[in-house]
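**Q** build me a model:
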Amino acid sequence: MIEQSTPGPVQRVIVVTGAAQGLGRAYALRFAAEGHRVVAMDIQKEALESVAAEVQAAGGQCLPLVADVGDEASVAQAAAHVDAAFGRCDVLVNNAAIFSTIKMRPFEQIPVDEWMRVLHVNVTGTFLMTRAFAPLMRRHRWGRIVNVSSAAFVMGRPNYLHYTTSKAAVVGMTRSLARELGVDGITVNALLPGATDTEIPRETVTPEQKRQQIAMRCIQREEGPRDLEGVVSFLASDDSAFVTGQSFVVDGGYCFL
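**A** Model (predicted):
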């Protein structure tokens with residue numbers, strides 16, 4: 001009787017946007033630790049190179065790529081760069097967004113230019129990235145797209161109207177893309193994090209507001225990047241092959257979808 005060997009883990013090419021800090025950095029580090037080839041994209045060159053160095057120091061593989069998700073030419077150039085370097089893109093995590101720099105304010109006080117900028121990066125950026133990288137997935141008839149939305153959309157969080165609107169749009173985009181790309185073996189799902197503590201400062205959130213958020217959760221503690229990494233890893237894996245068009249709220253039971 002011939003013993004069958006167990007295949008080793010599959011090494012994927014994974015593109016993570018907004019990877020220079022916060023949750024994007026955490027996702028990049030997680031994928032690299034799992035043995036994947038990570039393309040870390042961001043507009044912050046020095047911070048991006050620091051993440052790449054961190055990955056490489058731990059024995060992982062990371063290609064830092066400076067690109068602006070809201071710029072069509074920049075995104076097209078990034079896709080061409082990934083294609084030239086690897087000949088494929090297996091997983092795309094659309095994480096880049098404007099949030100931490102937004103000031104809480106009633107919707108009547110939101111300047112139109114700020115409204116347009118948030119929607120452009122958060123919504124149009126997701127569209128541009130998906131449009132540019134989906135052909136690399138179609139070529140191999142396998143792909144995973146994870147669009148990062150927000151639980152703020154589920155709760156209808158006040159004083160962030162442009163942000164919550166943009167993240168609602170990301171969920172709608174996810175569902176339509178799942179319909180269009182399923183025939184090509186590509187799944188598209190949305191991740192909806194709750195308020196998460198990262199190294200990014202949030203001047204508009206007071207300690208009292210943070211305590212109130214935690215008190216409203218079924219699991220009453222702070223949410224950190226590790227609470228999200230496993231879900232993203234699952235959505236990027238073979239284990240999620242029959243899951244598409246879905247929204248995963250990860251907020252400790254603050255909101256129910």
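
**Q** now the lengthiest helix in the chain: buried residues?
**A** Ranked by residue count and defined by DSSP state H, the top helix of the chain is helix 161-181. Under the neighbour-count criterion of 16 or more other CB atoms under 10 Å, helix 161-181 has 161-171, 173-174, 177-178, 181 buried. C-betas here are computed from N, CA, C, even on glycine.

**Q** quick one: contacts for the residue nearest the centre of the chain?
**A** Residue closest to the average C-alpha location in the chain (CA atoms, centre = their mean): residue 95, at 2.7 Å. Each residue near residue 95 by CB atoms under 8 Å, 6 or more residues apart in numbering is listed here: 16-19, 23-24, 27, 148.

**Q** what score does residue 217 have for pLDDT?
**A** If you check residue 217, the pLDDT there is 89.

**Q** can you tell me the closest non-neighbouring residue to it?
**A** The shortest distance from residue 217 to any non-neighbouring residue, by CB to CB, 6 or more residues apart in numbering, is to residue 252 (3.8 Å).

**Q** can you give me phi and psi for that neighbour?
**A** Note on residue 252: backbone dihedrals following degrees, to the nearest 10 are phi 70, psi 20.

**Q** burial of it, as a residue count?
**A** Residues lying near residue 252 (other CB atoms under 10 Å) number 20.

**Q** same question, residue 21
**A** 18.

**Q** so it touches residue 225, yeah?
**A** No: at 10.9 Å, residue 21 and residue 225 do not qualify as touching, with contact defined as CB atoms under 8 Å.

**Q** need the residues touching each of these two.
**A** residue 198.

**Q** where in this protein is pLDDT low?
**A** Within the chain, the ranges that satisfy pLDDT under 70 run 1-8, 199-205.

**Q** longest strand anywhere in it?
**A** In terms of residue count, the longest strand belonging to the chain (DSSP state E) is strand 186-193.

**Q** could you give the angle of it to helix 161-181?
**A** In terms of direction (axes from the mean of the first three to the mean of the last three CA atoms, to 10 degrees), strand 186-193 departs from helix 161-181 by 160 degrees.

**Q** and the following helix or strand past strand 186-193, what's buried?
**A** For strand 186-193, the following helix or strand on the C-terminal side (DSSP states H and E) is helix 207-215. Buried residues in helix 207-215, counting neighbours by 16+ other CB under 10 Å, are found at 213-214.

**Q** ok so, going back, and the longest helix of the chain, what does it pack against?
**A** With contacts taken as 3 or more CB pairs under 8 Å, 6 or more residues apart in numbering; DSSP states H and E, helix 161-181 sits against helix 112-119, helix 125-138, strand 143-148, helix 151-155, strand 186-193.

**Q** just how off-centre is the longest strand of the chain within its chain?
**A** 9 Å (CA atoms, centre = their mean, to the nearest Å).

**Q** neighbouring strands - and their directions - for it?
**A** strand 143-148 (parallel), strand 247-250 (parallel) (DSSP bridges).

**Q** mind putting these into JSON lines with distance to residue 219?
**A** Shown next, in JSON lines, are these (distance: least, CB to CB, whole Å):
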{"stretch": "strand 143-148", "distance to residue 219": "21"}
{"stretch": "strand 247-250", "distance to residue 219": "11"}
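
**Q** what is the neighbour count of residue 66?
**A** Residue 66: 16 surrounding residues under other CB under 10 Å.

**Q** cool, the one 4 residues further on as well?
**A** For residue 70, the count of nearby residues is 20 (other CB under 10 Å).

**Q** and what of residue 225?
**A** Taking other CB under 10 Å as the criterion, the count of residues near residue 225 is 20.

**Q** out of the strands paired with strand 186-193, deepest packed?
**A** Ranked by mean neighbour count under mean count of other CB atoms under 10 Å, these are led by strand 143-148, which reaches a mean of 26.

**Q** now do that one: everything it contacts.
**A** Here strand 143-148 makes contact (CB under 8 Å, 6+ apart) with 23, 89-95, 97, 126, 130, 134, 136-137, 170-171, 173-174, 177, 181, 184-191, 193, 232, 235-237, 240.
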